[in-house]
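>>> next comes the sequence, and after it the predicted model I'd like to discuss.
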Amino acid sequence: MSSSKKHTLSIDLPTEMVNWLDSSMKSQSLPSVKKAVRCCVNCVATGDVEMSKEIHYVTVDQQANHQELSIELATEQLEWVDSICSTSKGSSRSDVIRSVIEACMKADADVVFGVIRCKSKVTVCKGAQDAVDSLTERYGADGVKIKENIEFK
């Protein structure tokens, strides 16, 4: 995605998800766990990985195994999350983000992290250009998948 205003959210995630995000950040050479979350949101929002229609809510008993995580989402990503909240009565942003990450944990890492998704042209997006360079180094020029001018579903 091109650089747009980022919104900071505090979300409640199971420790298992936080560990998976941290591991993915390291294995994919991402700059932060926040970036791993944004990759997951983009992957699900563009339809590359399907999220369960059933949003998973956190009960009071489950909160002991959860951690608060501060993440940043671009305006478009936040609008997409809010659209899911509005169609899933009673769901919170944390509920939606948990469902997104859960879907990505079950998907192939190459689909989640190995596709460059940019809402504009990659040539005008510094972040996308950096991702192309990183993935080209890892997979070779023929192994880089680019989706430009994406729209969230």
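That came through fine. Residues are numbered from 1 along each chain as shown.
>>> skipping adjacent residues, who's closest to the residue nearest the centre of the chain in space?
For the chain, residue 40 is the residue whose C-alpha lies nearest the centre (Cα atoms, centre = their mean; 2.1 Å). Residue nearest to residue 40 in three dimensions, not counting chain neighbours: residue 104, with 4.2 Å by Cβ to Cβ, 6 or more residues apart in numbering. For every residue, glycine as well, the C-beta is placed using N, CA and C.
>>> the one you found and residue 89, how far apart?
As for residue 104, its distance to residue 89 is 24 Å (criterion: Cβ to Cβ, to the nearest Å).
>>> ok, now residue 51?
Applying Cβ to Cβ, the value for residue 51 to residue 89 is 16 Å.
>>> quick one, which of those two is more surrounded?
residue 51 (19 against 7; other Cβ atoms under 10 Å).
>>> can you check my assumption that the more buried one lies in a helix?
No - counting by DSSP: H, G, I helix; E, B strand; the rest coil, residue 51 is not found in a helix; it is coil.
>>> quick one, strands of this protein?
For the chain, applying DSSP state E gives strands covering 6-14, 66-74, 115-118, 145-148.
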